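**Student:** starting from these lines, generate the structure:
(2 chains)
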Number of protein chains: 2
Amino acid sequence: MILWLGEGLVEAAEARIDPADRGLTLGDGLFETVRVSGGRPLRFADHLRRLHRGAALLGLPVPLSDAALGDAAEAVLRANGLAGGLVDAVLRITLTRGVGARGIAVPDPCRPTLAITAAARPPAPGPALIIGAGSTRRNDRSPLSRIKSLNYLDNILARQEADRAGADDAVLLNTRDRVACATVATLFAVVDGALVTPPEDDGALPGIRRGELLAEGAETRPLSVADLRRATEIFLTNCLSVRPVIILDGSPVGDGRPGPTAAGLLEDAR
Amino acid sequence: MILWLGEGLVEAAEARIDPADRGLTLGDGLFETVRVSGGRPLRFADHLRRLHRGAALLGLPVPLSDAALGDAAEAVLRANGLAGGLVDAVLRITLTRGVGARGIAVPDPCRPTLAITAAARPPAPGPALIIGAGSTRRNDRSPLSRIKSLNYLDNILARQEADRAGADDAVLLNTRDRVACATVATLFAVVDGALVTPPEDDGALPGIRRGELLAEGAETRPLSVADLRRATEIFLTNCLSVRPVIILDGSPVGDGRPGPTAAGLLEDAR
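**Tutor:** From the prediction side, this is the model:
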């Protein structure tokens, strides 16, 4: 595997992340995951826009121009044989505050660390059994819930809980008992005939796919667990997949089969 | 600088953290900061106990026995000329879930990454001006608030807010408008004549120094911002320092000078 690290391509076996990098010591950074189809990153401008929003919140300079980020991403895809027209792939752009001294005082100026990796796109996931996570809550009171930061431990706790329960994923509630999201996906539900998803104020990450569906007529609406229980359809989206949910906490969602909205989106994606 | 990485000592310039380490990509890990006095780590057993509690929450194996961790810490101190009887130093033990594939699915089994670094102890900080953080909230609804995880971005946001305000530190409130902690310290206050500190349920990390003061008669009590405003004394503790607070949000705390409780603790520490 070959990645972009700092200012150029590096063999993964030789790539060196400094043990004092604040991305590692404090989770001080953010990332983007970008789907690549036929050699082209999809919705790349949207991903970069979100990256810039997150970096602005953290006070983190983005070391390359958008054009240079695009070139770097293309170089990584080419170097890993993932630039071909028939290949589906996934890029990850990681940006950290770089090396810092002991403690949390923010280095100013900082020299951010930029890493871009690529991998083959994982196979589309099948219909999901999910649970409501009881182990933790998503912090809707933090602006971090609206950016794709490196602080993923709450999501990891929820995913481990799902693993233990034999489920595929977990729904995170926020601190006010409302639905926020799944562990790596936006949650959509059909409730009272409307396609709805939690608002950003409830802790939902402004996902790129989510934005597309909102533009196409879906609505944001605060959702309770009771709303989810009576939903006739639930599905999970991120930039890599649309995943129907067929079981929630052991009970079928709708008739227990993938719903028509998710099926339509999957059909469109063919 | 020489650190312990994995199974032995390594020159920092040669230390390699894999870019796929989940500590970097997802903040998936935890750490301990340990004060070293006269070459000896202080309260080392307490720090290891907390490390084990955090590791258990995350489902993370600790790759060395406590005795071997002690030996490794000592080796790092010696290698950096910090084991002498007159030297004050600080150790950091970082434990991550190690390298993982793309995504958050937890590798099982995992090969954790263990890093131990040492530095000279920073000079004792002077009396502090602090502010109440408005930029974010501490997630008291997450069990992560009770462990020393690598997810420090909320604290970093609050510290940056303090920097912008010309203050030394910030008080984080939890999601229910109660005081939780400062950005890298436990908050103590004298309210109605009692020495009090927020309970763990309000998002307080069970600090080692905090535990000592509770054993000596301090009490846990939920604290509102109004409680802080009428406190006759406020100070911040962590394993490295006791720091009196003299100004809160622009107004003097007590008579605007370091209070007697903090002064007594500083005296004891001589």
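
**Student:** please count neighbours and contacts with C-alpha atoms only from this point.
**Tutor:** Noted.

**Student:** chain B contacts on chain A?
**Tutor:** A:12, A:15-19, A:23-28, A:58, A:94, A:102, A:104-106, A:115, A:119, A:135-139, A:141-144, A:150-154, A:156-157, A:159-160, A:175, A:184 (CA under 8 Å from any CA of the partner chain).

**Student:** switch to 6 Å and redo it
**Tutor:** A:16-17, A:23-24, A:26-28, A:136-137, A:139, A:141-142, A:150-153 (CA under 6 Å from any CA of the partner chain).

**Student:** can you pull the buried residues of the helix or strand bottoming out on mean pLDDT in chain A?
**Tutor:** Least confident helix or strand of chain A, by mean pLDDT, DSSP states H and E, is helix A:260-268 with a mean of 90. Across helix A:260-268, burial judged by 16 or more other CA atoms under 10 Å in any protein chain shown covers A:Thr261, A:Ala262.

**Student:** which residues touch it?
**Tutor:** The list of residues contacting helix A:260-268 from outside it, by CA atoms under 6 Å, 6 or more residues apart in numbering or on different chains, reads A:Pro244.

**Student:** please redo it, this time with the cut-off set to 7 Å
**Tutor:** For helix A:260-268, contacts defined as CA atoms under 7 Å, 6 or more residues apart in numbering or on different chains pick out A:Phe235, A:Val242, A:Pro244.

**Student:** tell me the one of these nearest chain B?
**Tutor:** A:Val242 (15.6 Å; CA to the nearest CA).

**Student:** with adjacent residues omitted, what lies nearest to that closest one?
**Tutor:** A:Leu236 (5.7 Å; CA to CA, 6 or more residues apart in numbering or on different chains).

**Student:** partners of whichever strand or helix holds that neighbour in the sheet?
**Tutor:** Using DSSP states H and E, A:Leu236 maps to strand A:233-237. The pairing partners recorded for strand A:233-237 under DSSP bridges are strand A:186-191 (antiparallel), strand A:242-248 (antiparallel).

**Student:** kindly reformat those as JSON lines containing mean neighbour count.
**Tutor:** As requested, those are exported to JSON lines (neighbours: other CA atoms under 10 Å in any protein chain shown):
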{"stretch": "strand A:186-191", "mean neighbour count": "24"}
{"stretch": "strand A:242-248", "mean neighbour count": "24"}
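
**Student:** could you export those as TSV, including mean pLDDT?
**Tutor:** As requested, these are exported to TSV (pLDDT from 0 to 100):
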stretch	mean pLDDT
strand A:186-191	98
strand A:242-248	98
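
**Student:** which one, of those, ends up nearest to B:Arg35?
**Tutor:** Nearest of these to B:Arg35, taken as CA to CA: strand A:186-191 at 42.8 Å.

**Student:** please state the offset of that closest one from the chain centre?
**Tutor:** Chain-centre distance of strand A:186-191: 16 Å, with CA atoms, centre = their mean, to the nearest Å.

**Student:** also stretch A:39-58?
**Tutor:** On CA atoms, centre = their mean, the centre of stretch A:39-58 falls 12 Å from that of its chain.

**Student:** using PDB, write down the CA coordinates of that stretch.
**Tutor:** The C-alpha trace of stretch A:39-58 is given here as PDB (Å, rounded to 0.1, in the frame of the first residue of the first chain):
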ATOM      1  CA  GLY A  39     -11.300   6.200 -10.800                       C
ATOM      2  CA  ARG A  40     -13.100   9.500  -9.800                       C
ATOM      3  CA  PRO A  41     -13.700  10.600  -6.200                       C
ATOM      4  CA  LEU A  42     -17.500  11.300  -5.900                       C
ATOM      5  CA  ARG A  43     -18.800  14.500  -4.500                       C
ATOM      6  CA  PHE A  44     -15.200  15.500  -3.800                       C
ATOM      7  CA  ALA A  45     -16.000  19.200  -3.600                       C
ATOM      8  CA  ASP A  46     -18.600  18.500  -0.900                       C
ATOM      9  CA  HIS A  47     -16.200  16.500   1.100                       C
ATOM     10  CA  LEU A  48     -13.500  19.200   0.900                       C
ATOM     11  CA  ARG A  49     -16.100  21.800   1.900                       C
ATOM     12  CA  ARG A  50     -16.900  19.700   5.000                       C
ATOM     13  CA  LEU A  51     -13.200  19.200   5.700                       C
ATOM     14  CA  HIS A  52     -12.700  23.000   5.600                       C
ATOM     15  CA  ARG A  53     -15.600  23.600   7.900                       C
ATOM     16  CA  GLY A  54     -14.200  21.100  10.400                       C
ATOM     17  CA  ALA A  55     -10.700  22.500  10.100                       C
ATOM     18  CA  ALA A  56     -12.100  26.000  10.700                       C
ATOM     19  CA  LEU A  57     -13.800  24.900  13.900                       C
ATOM     20  CA  LEU A  58     -10.600  23.300  15.200                       C
END
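
**Student:** perfect, that will be all.
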